[in-house]
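Novice: Here's my sequence, what's the structure:
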Amino acid sequence: MSKKWYFWLNCAILIAISLNLRAPINVLGPMIESIREHYGISSAMFGFLSAIPIIAFGSVSFIVSYFSDIKILFSALCAVVLGEIGRSYGGITGLFVGTAFIGAGVAVANVLLPSFVKKKFPKHTTAMMALYSFVLNLSSVIGVWLALPLTYSIGVPHTLAFWLIFSILALMLYFPEIRNNRISRVKIRHKHTKSLMREIGAWKITIFMGLQGFLAYSTLAWLPAIIAQKGYGLEYGTKVLLYSQFVCVPVAFFGPLLLGVLREKHKSLYMAFLCSLYVVGYLCVLLGESQWTIYIAIVCIGAPMGGVFGLALLFISQKSSSVIVATKLSAMVQGFGYLIAASGPFVIGLLHDHFESYIYGIIMVLCVAVALNITGILAHRTKMIG
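Specialist: Numbering: from 1, shown residues only. Sure, this is the predicted structure:
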């Protein structure tokens, strides 16, 4: 196998797996009313359903580094396939259990892909992390874009099963990685006695990841319904979410590249500007009623959704002193980070059930957005870890 062929195979694997990490989950937001009607669940239960993958991201991430990368990533792709089948055709029990399987599989890939990039593309880490972030957000766009058209044309179960196309493709492309008995090999234990739990820098990146996830997943789960309650309807609310995803895709790709060329004194300003857009965007959602304020909100929410997550991923690769540290840091950051993020959709649903309004949920999101600005600067200034 030539180096060039191997390079492009790894690119294909990275892209194919990344396509599975958002669409099967983000499709739930636009389908909120259809899912609630089809399965007869409340807003709080839908919020819990939306939080299940994020809870899985947090809980499963901690154990990933204890297994062979090749073995557990293959198992993760199988879990995504099985989860999508169960979620689609297993009734209300399958809906929740299948979603948990999908979340567990995605959690493993979330942890391993940054270290996969560092290992497979050591000379192109920034560019490949930008590609990874771009495809992640492209996956999100595809999920939101196709959600309602598929639901109206083929129904809820088949729409949830549609994403099998991407998971089976990823599984097929990954097969060359498990040849030569790689999947049966025992993981080589590396000595690394220093715990990242004692690294202040690791906690800064972790909290940054958690707060950006809190904002992103709250937006994906509830923004269509929030806009709909303003009198615009759920279809228009879904379009708003879709347009915000269109904004986030280019920012996700160019954001890490831009951070790489900016002078050091300008990087903090860029971080602060990007994170502060969440505050402006949700102030428009809270106070605005006209379509113009919604258009402003689309841009101001979409840009940080793409850019901030890409920066969090870049921090994991750039701030790690080795591939081993990158895997451990990725597990810690995404483990605790997603546990923080998981509370967002559920709490907003709970507040809506209690107050029959999204105003208190939006205020909570605004407070988190302010905290994100502070932790973003601190995470950027973190020195090499490990």
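
Novice: Can you check which helix is longest in this protein?
Specialist: Using DSSP state H to define each element, the chain has its longest helix at helix 323-355.

Novice: Helix 323-355 and the very next helix or strand once past it, what's the angle between them?
Specialist: Downstream of helix 323-355, the first helix or strand assigned by DSSP states H and E is helix 359-380. With axes from the mean of the first three to the mean of the last three C-alpha atoms, to 10 degrees as the basis, helix 359-380 and helix 323-355 are set at 160 degrees to each other.

Novice: Restricting to C-alpha, output helix 359-380 in PDB.
Specialist: Extracted C-alpha coordinates of helix 359-380, given in PDB (Å, rounded to 0.1, in the frame of the first residue of the first chain):
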ATOM      1  CA  ILE A 359     -38.000  32.800  28.300                       C
ATOM      2  CA  TYR A 360     -36.400  31.300  31.400                       C
ATOM      3  CA  GLY A 361     -34.500  28.800  29.300                       C
ATOM      4  CA  ILE A 362     -33.200  31.600  27.100                       C
ATOM      5  CA  ILE A 363     -32.000  33.600  30.100                       C
ATOM      6  CA  MET A 364     -30.200  30.500  31.400                       C
ATOM      7  CA  VAL A 365     -28.500  30.100  28.000                       C
ATOM      8  CA  LEU A 366     -27.400  33.800  28.100                       C
ATOM      9  CA  CYS A 367     -25.700  33.300  31.500                       C
ATOM     10  CA  VAL A 368     -23.800  30.200  30.100                       C
ATOM     11  CA  ALA A 369     -22.800  32.200  27.000                       C
ATOM     12  CA  VAL A 370     -21.200  34.900  29.300                       C
ATOM     13  CA  ALA A 371     -19.300  32.200  31.200                       C
ATOM     14  CA  LEU A 372     -18.100  30.700  27.800                       C
ATOM     15  CA  ASN A 373     -16.300  34.000  27.000                       C
ATOM     16  CA  ILE A 374     -14.300  33.800  30.200                       C
ATOM     17  CA  THR A 375     -13.300  30.100  29.900                       C
ATOM     18  CA  GLY A 376     -12.500  30.500  26.200                       C
ATOM     19  CA  ILE A 377      -9.700  32.900  26.900                       C
ATOM     20  CA  LEU A 378      -8.400  30.800  29.800                       C
ATOM     21  CA  ALA A 379      -8.400  27.600  27.600                       C
ATOM     22  CA  HIS A 380      -6.500  29.400  24.800                       C
END
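
Novice: mean confidence for it?
Specialist: The average pLDDT within helix 359-380 is 89.

Novice: if we can go back for a sec, any buried residues in the longest helix of the chain, and which?
Specialist: Within helix 323-355, the residues that count as buried by 16 or more other C-beta atoms under 10 Å are 323-352. C-beta coordinates here come from the backbone N, C-alpha and C atoms, glycine included.

Novice: Check stretch 117-134 too.
Specialist: Those would be 117-118, 120-121, 125-126, 128-134, for stretch 117-134 by 16+ other C-beta under 10 Å.

Novice: quick one: contacts of that stretch?
Specialist: The contact list for stretch 117-134 (C-beta atoms under 8 Å, 6 or more residues apart in numbering) reads 7, 10-11, 14-15, 18, 113-114, 249, 252-257, 260, 306, 309-310, 313-314, 317-318, 320, 323, 326.

Novice: what's the answer for stretch 151-162, then?
Specialist: 24, 27, 30-31, 34-35, 38, 84-85, 87-89, 146-147, 150.

Novice: Next step: the residues you listed restricted to helices.
Specialist: 24, 34-35, 38, 84-85, 87-89, 146-147, 150.

Novice: Rebuild those as JSON lines, extending it with distance to Gln212 and neighbour count.
Specialist: Output for the ones in helices among the contacts of stretch 151-162, formatted as JSON lines (distance: C-beta to C-beta, whole Å; neighbours: other C-beta atoms under 10 Å):
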{"residue": "Pro24", "distance to Gln212": "20", "neighbour count": "29"}
{"residue": "Ser34", "distance to Gln212": "28", "neighbour count": "17"}
{"residue": "Ile35", "distance to Gln212": "26", "neighbour count": "23"}
{"residue": "His38", "distance to Gln212": "31", "neighbour count": "15"}
{"residue": "Glu84", "distance to Gln212": "26", "neighbour count": "26"}
{"residue": "Ile85", "distance to Gln212": "31", "neighbour count": "17"}
{"residue": "Arg87", "distance to Gln212": "26", "neighbour count": "24"}
{"residue": "Ser88", "distance to Gln212": "30", "neighbour count": "19"}
{"residue": "Tyr89", "distance to Gln212": "34", "neighbour count": "14"}
{"residue": "Leu146", "distance to Gln212": "25", "neighbour count": "17"}
{"residue": "Ala147", "distance to Gln212": "23", "neighbour count": "26"}
{"residue": "Leu150", "distance to Gln212": "28", "neighbour count": "20"}
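
Novice: now, among these, which is nearest to Thr99?
Specialist: Ranked by distance to Thr99 (C-beta to C-beta), the ones in helices among the contacts of stretch 151-162 are led by Arg87 at 5.4 Å.

Novice: So that closest one sits against Ile102, correct?
Specialist: Yes. Arg87 lies in contact with Ile102 (C-beta atoms under 8 Å); the separation is 6.7 Å.

Novice: Tell me how far Ser317 lies from Ala16.
Specialist: 20 Å (C-beta to C-beta, to the nearest Å).

Novice: Neighbour count for the two, which is higher?
Specialist: More crowded of Ser317 and Ala16, by other C-beta atoms under 10 Å: Ser317, with 23 against 20.

Novice: In which helix or strand does the more buried one reside?
Specialist: helix 291-318.

Novice: Pull out the buried residues from that helix.
Specialist: 293-294, 296-318.

Novice: Repeat that for stretch 220-234.
Specialist: 220-229, 232, 234.

Novice: Run the chain-centre distance for the helix holding Ser317.
Specialist: On the basis of C-alpha atoms, centre = their mean, to the nearest Å, helix 291-318 sits 12 Å off its chain's mean C-alpha point.

Novice: Just name whatever secondary elements that helix is in contact with.
Specialist: Using 3 or more C-beta pairs under 8 Å, 6 or more residues apart in numbering; DSSP states H and E as the contact test, the elements touching helix 291-318 are helix 91-120, helix 125-154, helix 200-227, helix 234-261, helix 264-287, helix 323-355, helix 359-380.
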